[in-house]
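>>> structure, please.
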Amino acid sequence: MLEWLKTILGAHYTEEIDKKVSEEVGKGFVARADFNAANEAKRSLEGQIAERDKQLANLTKNAGDAGALADALKKAKEDNETAAKAHADEISKMRLDAAVEKALTSAGAKNATAARALLADFLKDAKAGEDGTVRGLSAEIEALVKAEGTAFLFNAKDAPPVIHGMKPAEAGDTPPAGTQTAGTSAAMNQILRGTIVNG
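Predicted coordinates for the structure are as follows:
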C-alpha cells in the first residue's frame, strides 16, 4: 500500500488508484530493496578491492623473503575465502529480504514488518533464487491471508474501497419536518424528503 499516495489524494484515494499507481511505479522504477541491495553490493566490492590492493602491496614488500611471502600468500588466500563467503551470504540475505518485501506488498500487507515476523520460522531456511523467487513463500503468505487470526494484516483484494465519513441513506432516515440538512437548500430538502418517503 502506498501510504504517501493516501496523504496526497486525501478523500479521493481508493484502493483501485493505489493498485494502478503501484503497477506503473513498478514498471518505471527499481524497488527500494533492489536499489539498496545493489548499493550494498557495490560498497562491498569496493571494500574487497581495497583489501586486495593492500594485500598486493604487502606481498610486494615481502617478495625478497620466500618464507614470509609464502605465509603472506596463505593468509591472503584465507582472508579472501572468508570475505567471499561473507559477501555471498550478505547478497543472499538481501535477495531474500527483497523477495519477501515484494511478495508481502503484492499480497496487500498493511504492515510488512508485522507480517514478516509471522514468517520467521519459514524464513530461517529459505533462500532466494537468482530470479528473486523463494520456493514456498507464496503458499506461506496465502495461509496468512486466509487464516482468521492473521487476515486483518492484509487488505482484502476483492473488497470494495472503504470511504470513511459517509453513511448511505436507509429507509426511515427522513429529517424531522421543518429542519434543513446542513449544506442544502430548503427546496433540495423537500426533494430529498419526498424521495426517501416515497422511495
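>>> rounded mean pLDDT for the strand or helix carrying residue 78, please.
Using DSSP states H and E, residue 78 falls within helix 66-106. Helix 66-106 carries an average pLDDT of 83.
>>> packing partners of that helix?
Counting by 3 or more Cβ pairs under 8 Å, 6 or more residues apart in numbering; DSSP states H and E, the packing neighbours recorded for helix 66-106 are helix 32-61, helix 112-117, helix 137-146. In short, each C-beta sits where N, CA and C put it, glycine included.
>>> quick one: the one residue sitting closest to the centre of the chain from residue 145, how far?
Central residue of the chain (Cα atoms, centre = their mean): residue 101, 3.9 Å from the mean position. To residue 145, residue 101 is 16 Å away according to Cβ to Cβ, to the nearest Å.
>>> just residue 67 next, same as before
Relative to residue 145, residue 67 is positioned 64 Å away (Cβ to Cβ).
>>> pick out whichever of these two has more residues nearby.
With neighbours defined as other Cβ atoms under 10 Å, residue 67 and residue 145 compare such that residue 145 has more, 18 against 8.
>>> and the more buried one, how close does it get to residue 156?
9 Å.
>>> shared neighbours, these two?
Contact criterion Cβ atoms under 8 Å, 6 or more residues apart in numbering; residues shared by residue 145 and residue 156: residue 108.
>>> residues near residue 109, how many?
Residue 109 has 22 neighbours, counted by other Cβ under 10 Å.
>>> how much space between it and residue 151?
Taking Cβ to Cβ as the measure, residue 109 and residue 151 are separated by 11 Å.
>>> now residue 105
Distance of residue 105 to residue 151, computed by Cβ to Cβ: 17 Å.
>>> what does residue 37 give?
Distance, residue 37 to residue 151, using Cβ to Cβ: 30 Å.
>>> so these two - more neighbours on which side?
residue 37 (19 against 11).
>>> okay, now residue 12: neighbour count?
Using other Cβ under 10 Å, residue 12 has 8 other residues around it.
>>> residue 112 too?
As a burial measure, residue 112 scores 17 neighbours (other Cβ under 10 Å).
>>> what does residue 33 give?
Other residues close to residue 33 by other Cβ under 10 Å number 17.
>>> got the contact list for it?
Going by Cβ under 8 Å, 6+ apart, residue 33 touches 94, 97, 98, 101, 102.
>>> reformat the residues you listed as a markdown table; add distance to residue 25.
Listed next are those as a markdown table, based on distance: Cβ to Cβ, whole Å:
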| residue | distance to residue 25 |
| --- | --- |
| 94 | 21 |
| 97 | 19 |
| 98 | 16 |
| 101 | 14 |
| 102 | 13 |
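>>> show me where pLDDT drops low in this protein?
Along the chain, the parts satisfying pLDDT under 70 run over 1-2, 26-31, 62-65, 157-199.
>>> walk me through the domains of this protein.
Per the record, the chain has its domains at 31-153, 167-199, by automatic domain parsing.
>>> of all those, which lies closest to residue 13?
The closest of the domains of the chain to residue 13 is domain 31-153. By Cβ to Cβ, the value is 14.6 Å.
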